[in-house]
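# based on what follows, work out the 3D shape:
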Amino acid sequence: MYNKQDPADQGKTDPGVFGEAGGNPAPRVEAPVPGWKAPRLGWKAPHRAPIFRRSAAERAVTTPESSMPRRADALEPVDKERRGPSGTSGERADSPDAIASGRAGGIAAAAEGLARASRRRSDLLVGDSPPMARIFELISVVARTEIPVLILGESGTGKELVARAIHYTGSRAARPFLTVNCGAIPETLMEDELFGHTRGAYTGAHADKKGVFEEAEGGTLFLDEIGDLYSSCQVKMLRVLQEQEVRRLGETRSRTVNVRIIAATNRDLRKEMEERRFREDLFHRISVLPITLPPLRERREDVPLLIDHFVRRFNHELGRTIQGFSPRALERLKAHPWPGNIRELENRVKQAMVMAKGDLMDTESLSIFSDPSSMGVEFPPFRKARAEFERNYVIQCLQMTGGKVAASARLAGKDRKDFYDMMKKHKIDPDDFRT
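Predicted coordinates:
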């Protein structure tokens, strides 16, 4: 039978069992003693030095700009082994010097990463005019708080950039920043997108799915075009803001969420409330501190700064070495009304840089997107042009079918419900086309 081995000698070679050290095993076979139970033979894990791991409560969520944790000093010991990277001296992670240096380096790197993230987001906001100075002041005030913010302004004025600046200069900078365009998601999918669903909630729901409120836990949720939010979702959105709880589709229990809300719209919400298309109680919930962005025509002194910013960015993107616009071209750009605001300016600068023949862009580069005799002709942004086309298209379908919705939907190749939604969106009454 096998000899019992003292626990202190485990792992040592026993010449009496395995023969001479380094030789082949030579087991002894003996008759077992009646009533004796053979001990279990197994391998005992050696003692492992503890390392430090972030706790579940403090586990870091990284930003796209930096992989450094927000809290490098939130650590807890666990029973694992840690070795140094290859090529290093292999200092143990549980040594006092290693822990102290690791914590100090992690904290410094985390602070540097957060500062770098903030700079990258904030640098996109360019301006030196009095209106923009006021906007920068409001951003610095709002970033230190957790109150809901409503950003107002025309299309193309940079509402999402302001929302990102608030997030990345605030206390939630290392947490997620998620964006939802309330006007781009169909009504039937909006609730699922916001709150998620549980498995089996409806046909095709094969697994649990988190909504954006849960995905943005600890961070910021940016609700763009909230003026287009469907009435059925406004009630549920109000409850989430009041109770800080969400309930997935198909579930009976509520889940607590910790999310900051920043909303934006280019609509006049007070007018929408008067026409009963937007809830007044929801308006007061999201507009604790409104920020109104000025259109570009009210801050013309910022046009040269914005142009310089775009030229430097597109030089890197297009592989060019363009210095900028000539004084004459720059004056024409400053005189333009810019109905599409900064987005239109950005597109036109890029177009001019693509067609530029030298390192300095003149009026010849501007003639590709405007009448040379006048640069004040309004050029609608894409969203406005698409909405006008869609409205005119629905009207033409109803005119051709005499106001018959089913026939119009077939003519357009759309589902009848989708066609009704388009009529509701553009406030078109089919009775106006019936004879």
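# over to G402: give its phi and psi.
The phi/psi pair for G402 (degrees, to the nearest 10) reads phi 70, psi 30.
# shouldn't it be in contact with P430?
No - if you go by CB atoms under 8 Å, G402 and P430 don't touch, sitting 9.2 Å apart. The way it works is simple: take the backbone N, C-alpha and C, and place the C-beta from them, glycine included.
# tell me which of the two has more neighbours.
Ranked by neighbour count (other CB atoms under 10 Å), G402 and P430 place P430 first, with 18 against 12.
# I'd say that one and M423 touch.
Yes - contact criterion CB under 8 Å: P430 and M423 qualify, at 6.7 Å.
# which residues are in contact with both of these two?
Residues touching both P430 and M423 (CB atoms under 8 Å, 6 or more residues apart in numbering): V405.
# ok, G403 - contacts?
Contacts of G403 (CB under 8 Å, 6+ apart): P430, D431, D432, F433, R434, T435.
# neighbours of the third one, how many?
If I follow you right, that is D432. The number of residues packed near D432 is 10, by other CB under 10 Å.
# okay, the residue nearest to it when sequence neighbours are not counted: pLDDT?
Counting by CB to CB, 6 or more residues apart in numbering, G403 is the residue found nearest to D432 once chain neighbours are left out, at 7.1 Å. pLDDT recorded at G403 is 87.
# then R391?
For R391, pLDDT reads 88.
# looks to me like it is in a strand.
No - under DSSP: H, G, I helix; E, B strand; the rest coil, R391 sits outside any strand and is assigned helix.
# the closest residue to it other than its chain neighbours and E275, how far apart?
Nearest in space to R391, with sequence neighbours left out and distances taken as CB to CB, 6+ apart, is H426 at 4.3 Å. Here the criterion is CB to CB, to the nearest Å. By it, H426 lies 15 Å from E275.
# next one: E245
Going from E245 to E275 by CB to CB gives 30 Å.
# those two: which is more packed in?
Each of E245 and E275 has its neighbours counted (other CB under 10 Å); E245 has more, 13 against 8.
# who touches the more buried one in this structure?
By CB under 8 Å, 6+ apart, the contact list for E245 reads R239, S254, R255, T256, V257.
# for the second one, which non-adjacent residue is closest in space?
The spatially closest residue to S254, leaving aside those adjacent along the chain, is E245, at 4.1 Å (CB to CB, 6+ apart).
# is that neighbour in a bridge, and if so with what?
T256 (DSSP bridges).
# in stretch 215-235, which residues are buried?
Neighbour-count burial for stretch 215-235 flags 216-217, 219-230, 233-234 (criterion: 16 or more other CB atoms under 10 Å).
# mind checking which of those residues land in helices?
Among these, the members found in helices (DSSP state H) are C233, Q234.
# which of the buried residues of stretch 215-235 fall in strands?
By the criterion of DSSP state E, membership of the buried residues of stretch 215-235 in strands covers T220, L221, F222, L223, D224.
# any chance of a markdown table for the residues you listed, columns pLDDT?
Listed next are those as a markdown table, based on pLDDT from 0 to 100:
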| residue | pLDDT |
| --- | --- |
| T220 | 95 |
| L221 | 95 |
| F222 | 96 |
| L223 | 94 |
| D224 | 94 |
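# which one of the residues you listed is nearest to K209?
L221 (16.4 Å; CB to CB).
# how many neighbours does the residue nearest to that closest one when sequence neighbours are not counted have?
Closest residue to L221 apart from its sequence neighbours, by CB to CB, 6+ apart: V259 at 5.0 Å. Neighbour count for V259, taken as other CB under 10 Å: 22.
# now G127
Neighbours of G127 (other CB under 10 Å): 21.
# helix, strand, or coil at it?
coil.
# what segments of the chain are strands?
Along the chain, counting by DSSP E, strands occupy 51-53, 76-78, 149-152, 177-181, 196-197, 209-210, 220-224, 245-246, 255-256, 260-265, 289-292, 324-325, 360-361.
# direction included, what does the last one pair up with?
It refers to strand 360-361. When pairing is defined by DSSP bridges, strand 360-361 lines up against strand 324-325 (parallel).
# need the contact partners of the partner strand.
Strand 324-325 is contacted by residues I307, D308, V311, L330, L333, A352, L360, M361, D362, S365 when judged by CB under 8 Å, 6+ apart.
# let me know the pLDDT of the first one.
I307 is assigned a pLDDT of 93 by the prediction.
# going forward, the N-terminal residue is numbered 31.
In the new count, where the first residue is 31, that last one comes out as I337.
# that one contacts V379, correct?
Yes - between I337 and V379 there is a contact at 5.9 Å, judged by CB under 8 Å.
# before we move on, the earlier item: distance of the residue nearest to R421 from D222?
Applying CB to CB to H456 and D222 gives a distance of 25 Å.
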